[in-house]
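# The sequence and its predicted three-dimensional model are supplied below.
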2 protein chains.
Amino acid sequence: MATFQQSSDLPRTAAKRSRPPARTSRRSEPPEVRRKQLISATMHSIAKNGLSGTTMATITQEAGLSLGIANLHFKSKEKLLLATLEAIAGEYNSGQAAVLADRDHENLVHKLNDLVDFHFSKNITQKNKLAVWFAFFGESKVRPTYQRIWSGHDIQSVAAIRDFFERIVAEGNYQTAHATSIARGYTAMIDGLWLDLLIAPRELNRLQAKQVACHYLASVFPNHMSIGSE
Amino acid sequence: MATFQQSSDLPRTAAKRSRPPARTSRRSEPPEVRRKQLISATMHSIAKNGLSGTTMATITQEAGLSLGIANLHFKSKEKLLLATLEAIAGEYNSGQAAVLADRDHENLVHKLNDLVDFHFSKNITQKNKLAVWFAFFGESKVRPTYQRIWSGHDIQSVAAIRDFFERIVAEGNYQTAHATSIARGYTAMIDGLWLDLLIAPRELNRLQAKQVACHYLASVFPNHMSIGSE
DNA sequence: TAGATATGAATGAATGATCATTCATTGCTA
DNA sequence: TAGCAATGAATGATCATTCATTCATATCTA
């Protein structure tokens, strides 16, 4: 899914004056292209400048477009930010769903490993994306819309993981395990480890974080995850 | 004639009913009192308005003081925010240290329960405080100073918990448990559960969150934490 | 003790900077 | 050429910061 690369391959200085003719001869692009371009630029700007340092100017510069363009395709800055949050949540949820639905690995042991691999993949744990996640969390108490979007994402994600863990509990015949509680605990631990990766990268790297999550899963699902494995 | 009154009309707008010019108190308070007052007001404003909605005006209004006072006692808004973050991190660390140092509960089973009780106490999981925590996290990627403060807090907290877990591992003779990894996993899970409490309070309440954490501890330290206990 | 003066904490109007949004204009494309 | 995407200067709103002024209290003086 290499969707959001466009904006970064043009030097920012090119934005102002010369438009490279590029491959397409049309100056005006379909709205959908511009929207994706602007959403991608918003992510980059939030990662680089923080949410409070992200202005219409930083976003449109990053996209190599003019100042007014964002209000043309989105009605306001607020709506552009919401679209950005939705894009990230959507990418995450569909990626996780793909792992859980993968028919090539109906073996639950493999699938559990795939799930952890996904959650700690380079793509998902990119500093930029984590920065965007947590930037929105910080404002969510005050912005009901942010809260609603994340709440929906959370419910979906936890439910999918819970269903999967229920199958593992059944297959492993784990007597004391409670799939719902483990699903909540696992997703919470993932969020917390991501926070560590973002804020204290010197204390913890991606693979160590994955190890920590694997230890947890190994302690509750010993027949499906072995401590030394990943 | 009636114009004599003009100059005494002013006090109404002043200080928004801060306090009656009571006999005991001087109008001017010691700097330490004002600093605490302003830090407290900053927390309230961040919880109420978000970090981006917090201005010098909202802070000083909350404190019942005038606009200029914050720049008098702190050099800038930035420094006031940093002082606020430090105050919260300090309160948390000293609270946790007190639990771990408590001589009345040298029994590790009791102390482990006290620790979880602390982490999910009403005081620590107040929505307002969580909102402040995560508001700063969101900006930390971009503000090195925020990152440094939180990083220091994190290192201290994890180290203290790791030392405590090492004693539990030794006492329980847990063969596969790795205190460092469990300490990281536990603190990460706490952060993640707090995030859920803040953002998805309908999905999870304080006691359920505590249950989830206890399940985790019970799975790694079965002799020190029983699933149904808390 | 009463009155005068000094001190500096506290105030808030004014300033200048930043930013979202608008819209008249530009210029590509069909 | 008509239509419309795109532009960016201009606008108005918001906000941090400044600083001349106010005023409660302490200290001095007779």
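Nice, thanks for sending it over. Numbers count the residues shown, from 1 in each chain, chains lettered A, B, ... in the order given.

# any idea of the mean pLDDT in the longest helix anywhere in chain A?
Of all the elements of type helix in chain A, the one with the most residues (DSSP state H) is helix A:144-172. Helix A:144-172 shows a mean pLDDT of 95 in the predicted model.

# Check stretch A:82-98 too.
Average pLDDT, stretch A:82-98: 95.

# Is that stretch positioned near chain B?
No: Stretch A:82-98 is not in contact with chain B by CB under 8 Å from any CB of the partner chain; minimum separation 12.1 Å. All C-beta atoms are positioned from the backbone trio N, CA, C, and that covers glycine.

# Would that stretch count as contacting DNA strand C?
No: Stretch A:82-98 does not reach DNA strand C (CB under 7 Å from any atom of the strand); its nearest approach is 11.9 Å.

# ok, and what's touching that stretch?
Stretch A:82-98 has contacts (CB atoms under 8 Å, 6 or more residues apart in numbering or on different chains) with A:1, A:35, A:39, A:42-43, A:46, A:74, A:115, A:118-119, A:124, A:129, A:132-133, A:136, A:145-146, A:149-150, A:152-153, A:156-157, A:160-161.

# Equivalent analysis for stretch A:69-81, please.
Here stretch A:69-81 has contacts from A:31, A:34-35, A:38-39, A:42, A:56, A:59-60, A:63, A:83, A:136, using CB under 8 Å, 6+ apart.

# Going through those residues, which ones are buried?
Neighbour-count burial (16 or more other CB atoms under 10 Å in any protein chain shown) applied to the contacts of stretch A:69-81 gives A:34-35, A:38-39, A:42, A:56, A:59-60, A:63, A:83, A:136.

# Which SSE is immediately downstream of the longest helix of chain A?
Downstream of helix A:144-172, the first helix or strand assigned by DSSP states H and E is helix A:179-199.

# Downstream of the worst-scoring helix or strand of chain A on mean pLDDT, the next helix or strand is which one?
Within chain A, no helix or strand scores below helix A:13-16, which has a mean of 31 by mean pLDDT, DSSP states H and E. Moving toward the C-terminus from helix A:13-16, the next helix or strand (DSSP H and E) is helix A:31-49.

# Wondering if that next one reaches chain B at all.
Yes: using CB under 8 Å from any CB, helix A:31-49 reaches chain B at A:47-49.

# so which of those residues would you say is closest to DNA strand D?
Of all the residues of helix A:31-49 next to chain B, DNA strand D sits closest to A:N49, with 16.3 Å by CB to the nearest atom of the strand.

# Which helix or strand contains the closest residue to that closest one other than its chain neighbours?
Leaving aside its chain neighbours, A:N49 sits nearest to A:T58 (5.6 Å; criterion: CB to CB, 6 or more residues apart in numbering or on different chains). Using DSSP H and E, A:T58 sits within helix A:56-63.

# now the next helix-or-strand element following that helix: mean pLDDT?
Counting by DSSP H and E, the next helix or strand C-terminal to helix A:56-63 is helix A:69-73. The average of the pLDDT scores along helix A:69-73 is 94.

# Skipping its backbone neighbours, what lies nearest A:I227 in space?
A:A218 (4.7 Å).

# Look at the one you found and say how many residues are nearby.
20 (other CB atoms under 10 Å in any protein chain shown).

# how far away is it from A:Q175?
Taking CB to CB, to the nearest Å as the measure, A:A218 falls 17 Å from A:Q175.

# Can you get me a residue count around the residue nearest to A:E62 when sequence neighbours are not counted?
Distances taken as CB to CB, 6+ apart put A:A41 closest to A:E62, at 3.9 Å, once the chain neighbours are dropped. By other CB under 10 Å, the residues close to A:A41 number 26.

# so what's A:A41 up against?
Taking CB under 8 Å, 6+ apart, one finds A:7, A:59-60, A:62-63 in contact with A:A41.

# What distance do you get for A:I59 to chain B?
Distance, A:I59 to chain B, by CB to the nearest CB, to the nearest Å: 15 Å.

# Then A:G138?
Counting by CB to the nearest CB, the gap between A:G138 and chain B amounts to 3 Å.

# give me phi/psi at that residue?
Note on A:G138: backbone dihedrals following degrees, to the nearest 10 are phi -60, psi -30.

# Grab the nearest non-local neighbour of it.
A:G138 sits nearest to B:G138 (CB to CB, 6+ apart), 2.9 Å away.

# Touching, the one you found and A:S140? I think so.
No: because the distance of 9.3 Å does not satisfy CB atoms under 8 Å, B:G138 is recorded as not touching A:S140.

# For those two, indicate the residue with more neighbours.
More neighbours surround B:G138 than the other of B:G138 and A:S140, with 28 against 25 (other CB under 10 Å).

# Show the contacting residues for that one.
A:50-51, A:134-139, B:51.

# domain parsing for chain A?
Using automatic domain parsing, the domains assigned to chain A come out as A:3-73, A:77-220.

# Please work out which of those domains is packed deepest.
Most buried of these by mean neighbour count (mean count of other CB atoms under 10 Å in any protein chain shown) is domain A:77-220; its value is a mean of 18.

# Would you mind measuring the gap between the ends of that domain?
Start to finish, the residues bounding domain A:77-220 are 45 Å apart (CA to CA, to the nearest Å).

# Distance of A:K210 relative to A:V116?
Relative to A:V116, and taking CB to CB, A:K210 is found at 6 Å.

# Contact residues of chain A facing DNA strand D?
A:16, A:27-29, A:31, A:34, A:65-69, A:72-73.

# Would you point out the most distant pair within the residues you listed?
A:K16 and A:P31 (23.1 Å; CB to CB).

# quick revisit: report the angle between the helix holding A:T58 and helix A:31-49.
110 degrees (axes from the mean of the first three to the mean of the last three CA atoms, to 10 degrees).

# How about residues contacting helix A:56-63?
Here helix A:56-63 makes contact (CB under 8 Å, 6+ apart) with A:7, A:12, A:15, A:37-38, A:40-42, A:44-45, A:48-49, A:66-67, A:69-71, A:77, A:80.

# which residues of chain A score low on pLDDT?
Along chain A, segments meeting pLDDT under 70 span A:1-27, A:105, A:228-230.

# if we go to 80?
Low-confidence segments of chain A (pLDDT under 80): A:1-31, A:102, A:104-105, A:227-230.

# For A:F164, give me its contacts.
Applying CB under 8 Å, 6+ apart, we find A:F164 in contact with A:100, A:111, A:115.

# and with 6 Å instead?
Contact partners of A:F164, counting by CB atoms under 6 Å, 6 or more residues apart in numbering or on different chains, are A:L100.

# Show me which residues of chain A are close to DNA strand C?
Counting by CB under 7 Å from any atom of the strand, chain A sits next to DNA strand C at A:25-28, A:53-57, A:67-68, A:71-72, A:76-78.

# Can you tell me the SS state at A:V212?
Recorded secondary structure, A:V212: helix (DSSP: H, G, I helix; E, B strand; the rest coil).

# From the contacts of B:G138, pick the one nearest A:E203.
Nearest to A:E203 out of those is A:F134 (CB to CB; 16.5 Å).

# contacting residues around the closest one?
B:137-138.

# Roughly how far does it sit from DNA strand D?
Here A:F134 is placed at a distance of 21 Å from DNA strand D (CB to the nearest atom of the strand, to the nearest Å).
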